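output the structure for:
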Amino acid sequence: MALSVTTLFGYGFGHVLNDLCSAMWFTYLLVFFHHVLQFNSQLAGIVLLIGQIADGLSTIFVGSQADRTDDTKFCMKYGRRKTWHLVGCICVVCAFPFIFLGCIGCGSSSDVIQVIYFAPFVIIFQFGWAATQISHLSLIPSITQDVNDRTVLNAIRYAFTVASNITVYLITWLTLGFGGDRGDAPVGPNDAASFRLIMFIVVGIGFIFAALFHFLVKEVNVVSYTNSPNSENCVSHKQMCWRDWFKEPQFYQVAVLYMTTRLFCNLTQAYVPIYLQDSLHLPGESVAYIPLVMYVSGFITAISMKPINKVLGRKVTYIIGTLIGFGGCVWVWFGDGPLYINYLLYIVTAFIGSGGSTMLVTSLSITADLIGPNVESGAFVYGAMSFTDKLSNGMVVMFIQSYAPCGDSETVGPDCLPLISQYYRNLLALMCSGFAILGMLATLTLLHKDVGQRNQNSATPDHTSIYSERTSYEQKVNDAGICFRAAGATMTCCSPGIVNQQAAGSNPAMAHIGSPGEVQRQA
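A predicted model of the protein is given here:
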């Protein structure tokens, strides 16, 4: 039975609050704390580091709890995933506003005291964000058992993610560009009210969509499935417990690839606005329309790369993405003068956005290939990748902020301005391009390997495969349906050749394998 339009759009509404807040967090947190609140660079970095660590730990915790079956009465009646989603939304709505309201009652206190004030709100927000994300992803099998409907749900979810990010940048552009007689002034303390307005609009829109989601979408508590070798509907394969992954060389190779990809994407998203303000000295509204160009170009490129992905495979597509992103970063190194600022800057940021988007989407697909049929421990793989991503991003940002020129000063003197200008230009040109190259090198180590092929000594011997070692994953999928249930990642029983995997915390890690004719193992 096809899903109703109400259910389809209702599900899409469920992640809008997260997407709106995420766009503000990554793009404007450092700008707000450093330029508006005038925190020194180190303390601004500490705020982001606290959030990244909290996010990583929360992802692991919520991923292990969202699929528990020992539910309370309320969870059984309302739905355990919708319950986690509700808890997450409450945390986000209650905590996120305080991050952009400034230190209420302690605005004149030292920066250290203010960081202590902000820390609990950051932690609560990141916990809520993780709870909302994971529960929303894992809700799909409860909504429908039809693989085609799930594909539609995934598409709608991603469409709302794109719309949410564009909305944040447009709101910021309108608020900073037309919110007052600011002229060409950069972002500064006088923009505190503008950021408060942006935050209230963002949270207000997100709250409305979250409420609509809970009103329109019904969760059905489905029966849990296990990966039993005696099941008629399941493929028997060598099972992998979480410890077994540490014996897999590809686990570390893909982890490096995924981590460097996230570092490239998140650092460019966080530091392009600062580069615009501190290196190019552009008007304040530039922190809205330049990231908008980056995001839209990345979205368009991600769609247009699909045919290339089918022809050349994931690894070659990823390498193409790294070269595009690398080219944009190198161009930043040489970028200067009116021609660059007025015209070429848009091409440069489009290159960075296109390269980053291609790298991200492809790395998520490679991670899904790594898991392959070992869905019984897929949640651990995604959780480990996510935790590594969050922790590394926080630590690198902290490193960058600690070595910023005059970073320990609350006010920047004229002698520091040239140093700061060069610092953020070098950051984008050298560090971000370096992470793109590292990602490409990690991909090259996998170039002549079949991602997902297991080390014979890595799997637990409990259930051995009924197939020979040379049998491809696609053949296993086509020969029998797969049933499994694992915390944070679910794959439902389905007919032969149709597998649908949803992994918590992997946005947009939506690995879908369709009918036998659609299954293609990408080299």
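
now the strands for this protein?
In the chain, the strands defined using DSSP state E lie at 484-486, 489-491, 499-503, 512-513.

quick one: average pLDDT of the second one?
Mean pLDDT, strand 489-491: 38.

and if you look at the first one?
When pLDDT is averaged over strand 484-486, the result is 37.

over to the last one?
Over the span of strand 512-513, the pLDDT mean works out to 34.

all helices of the stretch 101-250 of the chain, in order?
Counting by DSSP state H, counting those that start in this stretch, one finds helices in the stretch 101-250 of the chain at the ranges 111-138, 140-143, 147-178, 192-216, 249-274.

what packs against the third one?
It stands for helix 147-178. If contacts are counted by 3 or more C-beta pairs under 8 Å, 6 or more residues apart in numbering; DSSP states H and E, helix 147-178 sits against helix 5-13, helix 16-31, helix 140-143, helix 192-216, helix 286-312, strand 499-503, strand 512-513. Bear in mind the C-beta positions are built from the backbone N, C-alpha and C, glycine included.

could I get the buried residue list for that helix?
Neighbour-count burial for helix 147-178 flags 147, 149-150, 152-154, 156-158, 160-162, 164-165, 167-169, 171-173, 175-177 (criterion: 16 or more other C-beta atoms under 10 Å).

gap between that helix and the chain center?
14 Å (C-alpha atoms, centre = their mean, to the nearest Å).

report the inter-axis angle for it versus helix 5-13.
Helix 147-178 runs at 50 degrees relative to helix 5-13, counting by axes from the mean of the first three to the mean of the last three C-alpha atoms, to 10 degrees.

for helix 147-178, give the mean pLDDT please.
On average, helix 147-178 scores 83.

among the helices of the stretch 101-250 of the chain, which gets the worst mean confidence?
What stands lowest among those, in mean pLDDT terms, is helix 140-143, with a mean of 72.

mind jotting down where the helices sit in the stretch 351-500 of the chain?
Counting by DSSP H, counting those that start in this stretch, the helices of the stretch 351-500 of the chain are 378-402, 417-426, 433-444, 473-479.

those helices into TSV, with extra columns for distance to Pro291?
Formatted as TSV, the helices of the stretch 351-500 of the chain follow (distance: least, C-beta to C-beta, whole Å):
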stretch	distance to Pro291
helix 378-402	17
helix 417-426	15
helix 433-444	19
helix 473-479	38
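
surely Tyr11 meets Tyr158?
No. The criterion here is C-beta atoms under 8 Å, and Tyr11 misses it with Tyr158 at 11.8 Å.

low-confidence stretches in the stretch 251-400 of the chain?
For the stretch 251-400 of the chain, the stretches with pLDDT under 70 are 375-379.

now do Ile274: how many residues are near it, please.
Using other C-beta atoms under 10 Å, the number of residues around Ile274 comes to 24.

what sits against it?
For Ile274, the contact set (C-beta atoms under 8 Å, 6 or more residues apart in numbering) comprises Leu30, Val31, His34, Tyr424.

which of these lies at the shortest distance from Val62?
Leu30 (26.0 Å; C-beta to C-beta).

I'd say the closest one and Tyr271 touch.
Yes. The criterion here is C-beta under 8 Å, and Leu30 meets it with Tyr271 at 7.5 Å.

what do the two both touch?
Counting by C-beta under 8 Å, 6+ apart, nothing touches both Leu30 and Tyr271.

of the helices of the stretch 101-250 of the chain, which is nearest Val316?
Comparing these by C-beta to C-beta, helix 249-274 comes nearest, at 13.7 Å.

what residues sit buried inside the closest one?
Buried residues in helix 249-274, counted by 16+ other C-beta under 10 Å: 250-251, 253-274.

how about stretch 344-353?
Taking 16+ other C-beta under 10 Å as the criterion, stretch 344-353 shows Leu344, Leu345, Val348, Thr349, Ala350, Phe351, Ile352, Gly353 as buried.

mind listing what the first one touches?
With contact taken as C-beta under 8 Å, 6+ apart, Leu344 is in contact with Trp331, Gly335.

and it, how far is that from Phe351?
10 Å (C-beta to C-beta, to the nearest Å).

any idea how many residues pack against the closest residue to His85 other than its chain neighbours?
Computed as C-beta to C-beta, 6 or more residues apart in numbering, the closest residue to His85 that is not its neighbour in sequence is Ser135, at 4.1 Å. Neighbourhood size, Ser135 [other C-beta under 10 Å]: 29.

repeat for Thr132
The criterion is other C-beta under 10 Å. On that basis, Thr132 has 28 neighbouring residues.

Leu441 now?
13.
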